[in-house]
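Visitor: A predicted structure for the sequence below; I have some questions about it.
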Amino acid sequence: MTDSMSRIAYPALGVLVILIAWSAACHLLEVSPAVLPSPESVFAAFVQWFPLLLREGWVTLQETVLGFLLALAVGIPLAVAIANSRPLNLMFYPLLVALQSVPKVALAPIIMVWLGTGLESKLAIVWLVAFFPIIIDTAAGLRSTPRELIELARSLKATRWQVFYKVQFPAALPFVLTGAKVAITLAVIGAVIGEFMGASEGLGYLLLSATSQLNTPLAFAALFALSFLGLGVYAVIELIEVLLSPWLPPRPATH
């Protein structure tokens with residue numbers, strides 16, 4: 001079995017095993033559908049409510065993508081400034097680490113008070129959770145640039161801008177993509193947190209609404225829709241990584 005086939009076959013087999021065990025537990029233990037619906041009832045709810053899931057999923061997707069792009073737009077320039085300035089690094093890096101340790105759920109109500117329950121507060125929460133992986137990984141990548149490459153570029157009379165975009169940033173690009181992969185999955189979580197705190201649409205809102213009405217199959221269908229959304233946006237970052245592969249440093253050979 002080739003490596004690409006293994007990456008598909010083994011996860012699919014794992015999902016199949018979980019579904020079989022889940023279905024057997026529901027039927028053999030006679031679990032109430034209000035507590036744990038069977039996979040069949042969840043699939044039926046997914047099909048029945050698919051237009052609603054699609055509409056609410058589009059709202060969550062917009063919040064996720066816009067907040068993630070905002071995190072990129074702020075995080076990468078700030079990481080460049082911190083990585084290339086010792087005073088800025090000493091001033092702000094410890095603060096960023098300290099702020100990262102604060103649970104974002106605890107900050108969500110404060111953000112709602114400041115920005116209300118509209119799109120702005122959702123974007124702020126998504127930005128907050130997605131910002132830190134981007135800035136920390138990007139700064140680490142910029143700092144890990146081989147010193148001899150930078151010195152070589154400077155010996156060839158390269159300007160600071162040329163050193164950055166021809167040496168530092170290409171060397172840091174794998175770190176940027178790694179941070180983006182972590183950030184995009186956290187962005188989905190951030191969007192749901194915002195919808196939990198206060199919203200009238202989105203998959204998070206639908207999940208809360210279904211749970212309050214004891215419509216557990218619909219709640220599980222919303223959970224699966226969130227999983228598919230997360231996998232979809234993660235796959236987009238993977239595709240971008242493939243497209244950028246000619247500019248990425250070669251990976252070490254594996255044995």
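Guide: Okay, I see it.

Visitor: which residues of the chain score low on pLDDT?
Guide: Scanning the chain with the threshold set as pLDDT under 70 gives 1-6, 247, 249-255.

Visitor: Could you chop it up by domain?
Guide: What automatic domain parsing lists as the domains of the chain is 1-31, 41-247.

Visitor: most packed of those domains?
Guide: domain 41-247 (a mean of 18; mean count of other C-beta atoms under 10 Å). C-beta here means a position set from N, CA and C on the backbone, and glycine is covered the same way.

Visitor: Distance from that domain to the middle of the chain?
Guide: Centroid separation for domain 41-247 versus its chain: 5 Å, with C-alpha atoms, centre = their mean, to the nearest Å.

Visitor: what do you get for stretch 20-32?
Guide: 32 Å.

Visitor: Extract the CA atoms of stretch 92-112 and return them as CSV.
Guide: Below are the C-alpha coordinates for stretch 92-112, written out as CSV (Å, rounded to 0.1, in the frame of the first residue of the first chain):
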residue,chain,number,x,y,z
PHE,A,92,6.5,42.2,24.1
TYR,A,93,7.4,38.5,23.8
PRO,A,94,6.9,37.8,27.6
LEU,A,95,3.6,39.7,27.5
LEU,A,96,2.5,37.6,24.5
VAL,A,97,3.3,34.4,26.3
ALA,A,98,1.5,35.6,29.5
LEU,A,99,-1.6,36.5,27.5
GLN,A,100,-1.5,33.2,25.7
SER,A,101,-1.9,31.5,29.1
VAL,A,102,-5.2,33.3,29.7
PRO,A,103,-8.1,31.0,28.8
LYS,A,104,-9.8,32.7,25.8
VAL,A,105,-13.2,31.6,27.0
ALA,A,106,-12.7,33.8,30.0
LEU,A,107,-12.0,36.8,27.7
ALA,A,108,-15.0,36.2,25.5
PRO,A,109,-17.7,37.8,27.8
ILE,A,110,-15.5,40.9,28.1
ILE,A,111,-15.2,41.1,24.3
MET,A,112,-18.9,40.8,24.0
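
Visitor: Quick check: nearest residue in space to Leu53, chain neighbours excluded?
Guide: Ala225 (4.7 Å; C-beta to C-beta, 6 or more residues apart in numbering).

Visitor: Summarise which helices and strands the host helix or strand of the one you found is packed against.
Guide: Here Ala225 sits within helix 216-243, counting by DSSP states H and E. Contacts defined by 3 or more C-beta pairs under 8 Å, 6 or more residues apart in numbering; DSSP states H and E place helix 216-243 against helix 39-48, helix 50-84, helix 169-197, helix 203-212.

Visitor: For Val233, find the nearest of the ones you listed.
Guide: With C-beta to C-beta, the closest approach to Val233 among those belongs to helix 169-197: 4.9 Å.

Visitor: between the closest one and helix 203-212, how big is the angle?
Guide: Interaxial angle of helix 169-197 relative to helix 203-212 (axes from the mean of the first three to the mean of the last three C-alpha atoms, to 10 degrees): 30 degrees.

Visitor: and helix 169-197 with helix 216-243, angle?
Guide: 170 degrees.

Visitor: Now do the helix or strand that contains Ser23 against helix 39-48, angle only.
Guide: Counting by DSSP H and E, the element that carries Ser23 is helix 3-28. Angle, helix 3-28 to helix 39-48, by the same axes, to 10 degrees: 110 degrees.

Visitor: Show me what helix 3-28 is packed against.
Guide: In terms of contacts (3+ C-beta pairs under 8 Å, 6+ apart), helix 3-28 is packed against helix 39-48.

Visitor: Contacts for the helix it packs on next, please.
Guide: Here helix 39-48 makes contact (C-beta atoms under 8 Å, 6 or more residues apart in numbering) with 19, 22-23, 26, 33, 37, 53, 215, 217-218, 220-221, 224-225.

Visitor: coming back round to it: and the angle for the helix holding Ala225 with helix 50-84?
Guide: Orientation of helix 216-243 against helix 50-84 (the same axes, to 10 degrees) gives an angle of 40 degrees.

Visitor: which outside residues touch stretch 152-172?
Guide: In contact with stretch 152-172 (C-beta under 8 Å, 6+ apart) are residues 80, 84, 138, 141-142, 144-146, 149-150, 247-249.
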